[in-house]
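J.: Quick one: sequence and predicted model below, then my questions.
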Amino acid sequence: MDHISACTLDCPDCCSTIVTTDEYGRHSIKGNPAHPITQGFTCKKGKHALSRISAPDRITTPLMRNGSDFTPVSWEKALDAIAQKISTLRSTPERMLHVRGYGFRGVLADSSRYLFGQLGASKTHGALCDNAMIEACIRDFGELDQNNYTELLNADCIVNWGRDVIRSSIHTTALLKDARSNGCQLFSISPMSPEEGMRIHQSDTHIQIRPGTDRFLATAVINRLIQNGIADKILSRTSNGPEFVNFIKSLDEQKLLQTCGVKPDEISLLAAIYGNKDFAVSSILGWGLQRYIYGGENVRYINALSMLSGNVGKKGAGSYGGVSTGRNFDSTWRSGGKKSRSLLTPKLADEILAAGDIEFLWCDGTNAINQTPEAIKMADAFCTIDMVVVVDAFINDTAKQADIILPCALMYEREDVLGSYFHNYIQYSAKVFEPTGDTRTDYDIISDIASRLSIPMPQKDDILTSALNTEPITNLTKNPLTEIRKKGFLPTDRPNIAFKDMTFSHPDGKYCLPDPVLHEEPEFDSTFPLSLLSLINKDYEHSQIPAEEQQEQLKAHIHPTTLTQYNIIPNEHAHLISPIGKIQVLAVADTAVHPESVIIRRGGWMMFDRCANTIIESHVTDLGGNAAFYSQRVRLECIK
């Protein structure tokens, strides 16, 4: 038997899937061949859903803290205790804190936002992932938008600014391979060497750049374009073109290239690509390049390069930073809550400790202690709160600090509708299996709490119907909920070309170039000379890694010359040290790594000594309140 559903992981591909149960009761997952993006294949991360559902260490009944351990309790006892605590704080709602992440996506997944919005509980702002890029694009274009993914197939050249497509988006990888087969040139820029997923074929061109310095390279290319003359029709579509151009002219190209570690002949290649008026150039922006202190500026200067080269608002061109997963949905169903206090996510530990008055915390959709900077301090902050409720399926680093753990249904055990931040289709994630054991969907958990607090909760179908009632959907489908349940996905009425004819979403209709400033790289303590890059994991999404897969020592990939400099023997243990702590790693010699950086794969748990965030400080990006994970400086030491 086949069921059309969808993957709800925090992934751009947002795959439509088919879950098959054979005659022997065995289950399997594959990509939906009818979906224009998924095209019949999906990644390993999505296929792990079945093993998560049946995992022997999965929590299947509510747990309540009993000293240093947990005791199984009934839902009634757990929810009564939670409702009683919330009731005592309703007159001081700021003493409640709601922390929600994107461990799973969907419209109904936001049910907790509705409840705690109605209560007026403290919430979070900023992000761990992509807010710097979002804010940068809004400042530039007036909104977050990009050409349809299919326009990549019309490009003459695609420049990939640091997106590890092989690990982060297999369907983008497939699209780039198709573009290449069509004769498109592929060009990649990254601190990692080509074999690390930035380029898809050995004949493609690659530039290895110093970590976090993309804005200097983009500026150097813009300078070359200005020397050759920017067309008046382009400058006239900017609100601050002459001022920006004069600023760029004042910069020294040699200094720019020294800062980013790029050679003159390499910039000449890039300048020839962006300066070719007969070329349509698409720029793919990696999410990593905005996870630095000046990450927003990195994005803005790359966007400016696309704009000033005439590669915005036309076929086969544009800057691909992503779109909002919720832009096709009406989210007013969860609006109308009370004004509330907001804490900054990248500095959440400090914010909780500074507030000093939080008595109740509800955490869902995130392994927050593990995923935020200064993880040890986060665990300490949780310990200052009288009641911590964690909704999760496993006793991870965050659940370990809870007072009450509520076991949630997982993907394919609950119904939802969700969007992508890569393409314009919306997917239906069908309930294929009944929730395991005594687990419940997040919507049902929230509804039970709301009922105990006498807060009206919208019905599930009413929420989905309301969310789907938007023009991008209803222009093509008159009964979207019925249709998406039947088909499994729906297209949306979005134009293929964003900002067509260089008409932008600012009030004046023009593009806004960056202010005439280019910040130098932040100064750092010379005793911590290396950049720590905690990059995406190929096999698992964020920290959704089984315990049995975390028994080996965390690996740190380091260039051989760097290992020699620190007298560290390859495949031997070493300490990775930052100003706030140290972690033991297995030093792996890797020529793909920039000599000034250390690469580890993120997601490992603190309880297994695999969590990089125990030594990553709470740096914040220049825009969007994003965590600047990759601005962390470290050093290596031998273990004697």
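T.: Ah, there it is.

J.: use CA for all of it now, contacts and neighbours both
T.: Noted.

J.: Cys408 contacts Arg440, doesn't it?
T.: Yes. The criterion here is CA atoms under 8 Å, and Cys408 meets it with Arg440 at 5.1 Å.

J.: quick one, which of those two is more surrounded?
T.: Cys408 (30 against 23; other CA atoms under 10 Å).

J.: domain assignment for the protein?
T.: 63-121+326-419+425-490, 131-324, 530-638 (automatic domain parsing).

J.: Out of those, flag the one nearest Gly31.
T.: domain 131-324 (10.9 Å; CA to CA).

J.: next one: that closest one to chain centre, how far?
T.: Relative to the chain's own centre, domain 131-324 is displaced by 19 Å; criterion: CA atoms, centre = their mean, to the nearest Å.

J.: quick one: Gly326 from Gly106, how far?
T.: 9 Å (CA to CA, to the nearest Å).

J.: Those two - which one has more neighbours?
T.: Gly106 (21 against 17).

J.: Reduced to three states, what does that one come out as?
T.: Assigned by DSSP: H, G, I helix; E, B strand; the rest coil, the conformation of Gly106 is coil.

J.: Please name the nearest non-neighbouring residue to it.
T.: Leu418 (4.3 Å; CA to CA, 6 or more residues apart in numbering).

J.: can you check Arg180 too?
T.: Closest to Arg180 by CA to CA, 6+ apart is Leu186, at 6.9 Å.

J.: does the one you found have beta-bridge partners, and which?
T.: According to DSSP bridges, the partner residues bridging Leu186 are Ile158.

J.: before we move on, what about Asn66?
T.: Assigned bridge partners for Asn66, using DSSP bridges, are Asp69.

J.: can you count the residues close to it?
T.: Neighbours of Asn66 under the rule other CA under 10 Å: 11.

J.: and it, how far is that from Leu418?
T.: Distance from Asn66 to Leu418, counting by CA to CA: 38 Å.

J.: what's the strand or helix carrying Gln227 in contact with?
T.: Under the criterion of DSSP states H and E, Gln227 resides in helix 214-228. The contact list for helix 214-228 (CA atoms under 8 Å, 6 or more residues apart in numbering) reads 245, 248-249, 253, 256-257, 259-260, 262, 267, 270-271, 274-275, 289, 297-302, 304-305, 308-309.

J.: ok so, going back, now for the residue nearest to Arg180, how many residues are close by?
T.: So Leu186, with other CA under 10 Å, has 25 neighbours.

J.: so where do the helices sit in the stretch 201-350 of the chain?
T.: Under the criterion DSSP state H, counting those that start in this stretch, the stretch 201-350 of the chain carries helices at the ranges 214-228, 232-235, 241-249, 253-260, 264-275, 295-308, 348-355.

J.: Then the stretch 501-640 of the chain?
T.: 560-565.

J.: in the host helix or strand of His98, what counts as buried?
T.: For His98, the host element (DSSP H and E) is strand 96-100. For strand 96-100, a neighbour-count test (16 or more other CA atoms under 10 Å) marks Met96, Leu97, His98, Val99, Arg100 as buried.

J.: ok, now how distant is the last one from Gly162?
T.: From Arg100 across to Gly162, the span is 28 Å (CA to CA).

J.: cool, the second one as well?
T.: With distances defined as CA to CA, the gap from Leu97 to Gly162 amounts to 35 Å.

J.: that older thread, want to try a markdown table for the buried residues of strand 96-100, with pLDDT as columns?
T.: Formatted as a markdown table, these follow (pLDDT from 0 to 100):
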| residue | pLDDT |
| --- | --- |
| Met96 | 98 |
| Leu97 | 98 |
| His98 | 98 |
| Val99 | 98 |
| Arg100 | 96 |
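
J.: show me what contacts Arg90?
T.: Applying CA under 8 Å, 6+ apart to Arg90 gives the contacts Leu119.

J.: Is it part of a helix or strand, or is it coil?
T.: Classified using three-state DSSP, Arg90 is coil.

J.: okay, it: pLDDT?
T.: pLDDT recorded at Arg90 is 97.

J.: In contact with Asp140, which residues?
T.: Per CA under 8 Å, 6+ apart, neighbours of Asp140: Arg300, Asn303, Ala304, Tyr511, Cys512, Leu513, Pro514.

J.: Check the residues you listed and tell me the two furthest apart.
T.: Arg300 and Tyr511 (11.3 Å).

J.: list residues touching both of Gly326 and Gly106?
T.: With CA under 8 Å, 6+ apart as the test, Gly326 and Gly106 both reach Leu418, Gly419.

J.: Pull the number of nearby residues for the closest residue to Tyr540 other than its chain neighbours.
T.: Of all residues not flanking Tyr540 in the chain, Lys45 sits nearest, at 5.1 Å (CA to CA, 6+ apart). Lys45 has 19 neighbours, counted by other CA under 10 Å.

J.: State the helix or strand in which Lys45 lies.
T.: helix 44-47.

J.: Just the strands from the stretch 401-550 of the chain, written as ranges.
T.: 404-407, 416-419, 426-429, 489-490, 530-535 (DSSP state E, counting those that start in this stretch).

J.: Specify the next element, helix or strand, located C-terminal of the helix holding Lys45.
T.: Beyond helix 44-47 in the direction of the C-terminus, DSSP H and E gives the next helix or strand as helix 49-53.
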